[in-house]
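1. I'd like to go over a predicted model; first the sequence, then the structure.
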Amino acid sequence: MSLPVFERFLATPEIGAVFSDAAVMQGLFRFEAALARAQAAEGLIPAAAAASIANMCRAELYDLEAIASASGRAGSLAIPLVDELRRTVGLVDPDAARWVHYGSTSQDAIDTGLALVTRDALALVDRTLARIGAALFKLAEMHADTPVLARTLMQPAQVTSFGLKCANWLAPLLRSRARLREQGAHALALQLGGAVGTLSVIGERAPQVAKRMAADLGLALPDAPWHTQRDEWVRLGLEAAVLVGSLGKLATDLALMSQGEIAELAEPSAAGRGGSTAMPHKRNPVAAMAALAASHRAPQRAAALLAAMPQQHERGLGNWQAELAEWPGLWISAHGAAAAMAEAMEGLQVDAARMRRNLGVLEGAVYADADALATAAQQAAATARARIASLRDFHLPAACWPEPDAESTS
């Protein structure tokens, strides 16, 4: 995927490749090849035709830029792609050309192709979350007893453990990783419905064709076509957005603790990393910057997915297309943020001495709450004794007022 220059430094080459024009269109070609093979296996089209179609389903054979340019006029990426596939198949096997895309529709190819590339994106994010998890777990164990100032409402609060902060950063990332896997198992599904979701052209063999295609492509087999039923798909996108939010939380704390006045943490250093054109002394937290930029953008993308859900009848007009346009950007942000935080956590520099020094500057103020509790307990006990003593004036027998033992007055 050719990203704009200001997007490129917030993304990774790996996720850009997943959503490149070639990868997305190859996803559509994989759909067409699987469709032909499944239909041939069910006796719907000639086996020789299926072989000819599958042989031509290779993105490198086509002018992808021309197909992408033509999609704007056609209103769908699949229309010029299928036209080119049919023309190319016809050059080598004229009889096979009429079986290209047989009984299917444009959205079948596009949704299935996007599910295939999203599976690759999800795998990238999953591997990167594993890196962050391993790094944070190691930091949590190493610094379980390292005292650090906890801050609430941006002000000094009490003492906590840096290991505990790391564990708290880790927990939502583990939850997101599990939920992305779980939701991916539902959402990464074959789309096959034909013109209006009835598969009327394929007929009674449609369930068998769909089953074969899902197995061929390694996708879930849905109960029914989901052309305008986008709930499972959107839930996957929303899980990605929640992950970006959790990565943004980690990046926020990292940036604050890396400020020069605080200096408790620092991102790994390297030549050319985090410099300034005007201030050579600066060491900018560029990993935190990338994750925070993603966290500012993901909510709008998630909102766009939700806004596109009320689609018209059996094919959306404008809303499905808006969803398609937003989808890659959400995953590009998710992996960009995750990769940035993985690099930062794997090379994180922790200044435990500075953490203690920042505690010392407060001259014991962070212990005021515990001291107040102890003082209040003592004052409460004294007040209680005084109150009890005042009640003696009611001339009850002295035996009713046993003196408190030593333990209760300590």
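-> Right, received. Where do you want to start?
2. From now on I want contacts and neighbour counts done on CA atoms only, so please keep to that.
-> OK.
3. which SS class is residue 148?
-> strand (DSSP: H, G, I helix; E, B strand; the rest coil).
4. ok, it to residue 320 distance?
-> Distance, residue 148 to residue 320, by Cα to Cα, to the nearest Å: 49 Å.
5. same check, this time on residue 296
-> 23 Å.
6. Looking at those two, which is more packed in?
-> Neighbours per residue (other Cα atoms under 10 Å) separate residue 296 from residue 320, with residue 320 holding more: 20 against 14.
7. which residues does that one contact?
-> Listed by Cα atoms under 8 Å, 6 or more residues apart in numbering, the contact set of residue 320 reads 228, 308, 309, 311.
8. Show me the two of those that sit farthest apart.
-> 228 and 308 (9.9 Å; Cα to Cα).
9. What helix or strand is residue 86 located in?
-> Using DSSP states H and E, the element containing residue 86 is helix 78-92.
10. Pull the residues that contact that helix.
-> With contact meaning Cα under 8 Å, 6+ apart, helix 78-92 is reached by 25, 28, 52-53, 56-57, 62, 67, 70-71, 74, 96-98, 100-101, 106-107, 109-110.
11. do the same with stretch 42-56
-> The contact list for stretch 42-56, computed with Cα under 8 Å, 6+ apart, reads 32-34, 36-37, 39-41, 85, 88-89, 92-93, 95-97, 99-100, 202, 205, 208-209.
12. Filter those residues down to the buried ones.
-> Using 16 or more other Cα atoms under 10 Å as the burial test, those include 32-34, 36-37, 39-41, 85, 88-89, 93, 96-97, 99-100, 202, 209 as buried.
13. In helices only, show me those residues.
-> 32-34, 36-37, 39-41, 85, 88-89, 96-97, 209 (DSSP state H).
14. Return the set of buried residues in the helix or strand hosting residue 358.
-> Per DSSP H and E, residue 358 falls inside helix 352-360. Applying a neighbour-count criterion of 16+ other Cα under 10 Å, one finds 352, 355, 356, 358, 359 buried in helix 352-360.
15. Also stretch 141-157?
-> Neighbour-count burial for stretch 141-157 flags 143, 144, 146, 147, 148, 149, 150, 157 (criterion: 16+ other Cα under 10 Å).
16. Give me the secondary structure label for the most centrally placed residue in the chain.
-> The chain has residue 240 as the residue nearest its centroid, 2.8 Å off, counting by Cα atoms, centre = their mean. What three-state DSSP gives for residue 240 is helix.
17. of the contacts of helix 78-92, buried ones?
-> Judged by 16+ other Cα under 10 Å, buried ones among those: 25, 28, 52-53, 56-57, 62, 67, 70-71, 96-97, 100-101, 106-107, 109-110.
18. Of these, which belong to helices?
-> Those of the buried ones among the contacts of helix 78-92 lying in helices (DSSP H): 25, 28, 52-53, 67, 70-71, 96-97, 106-107, 109-110.
19. Pipe those into a markdown table and attach pLDDT and distance to residue 14 per row.
-> As requested, those are exported to a markdown table (pLDDT from 0 to 100; distance: Cα to Cα, whole Å):
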| residue | pLDDT | distance to residue 14 |
| --- | --- | --- |
| 25 | 98 | 17 |
| 28 | 98 | 20 |
| 52 | 98 | 32 |
| 53 | 98 | 30 |
| 67 | 98 | 23 |
| 70 | 98 | 27 |
| 71 | 97 | 25 |
| 96 | 98 | 36 |
| 97 | 98 | 35 |
| 106 | 98 | 27 |
| 107 | 98 | 26 |
| 109 | 98 | 24 |
| 110 | 98 | 21 |
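20. so who does the residue nearest to the centre of the chain touch?
-> Per Cα under 8 Å, 6+ apart, neighbours of residue 240: 176, 180, 330, 331, 334.
21. How many neighbouring residues does the nearest residue to residue 70 once chain neighbours are set aside have?
-> Leaving aside its sequence neighbours, residue 70 sits nearest to residue 80 (Cα to Cα, 6 or more residues apart in numbering; 6.3 Å). A count of neighbours around residue 80, defined by other Cα under 10 Å, yields 20.
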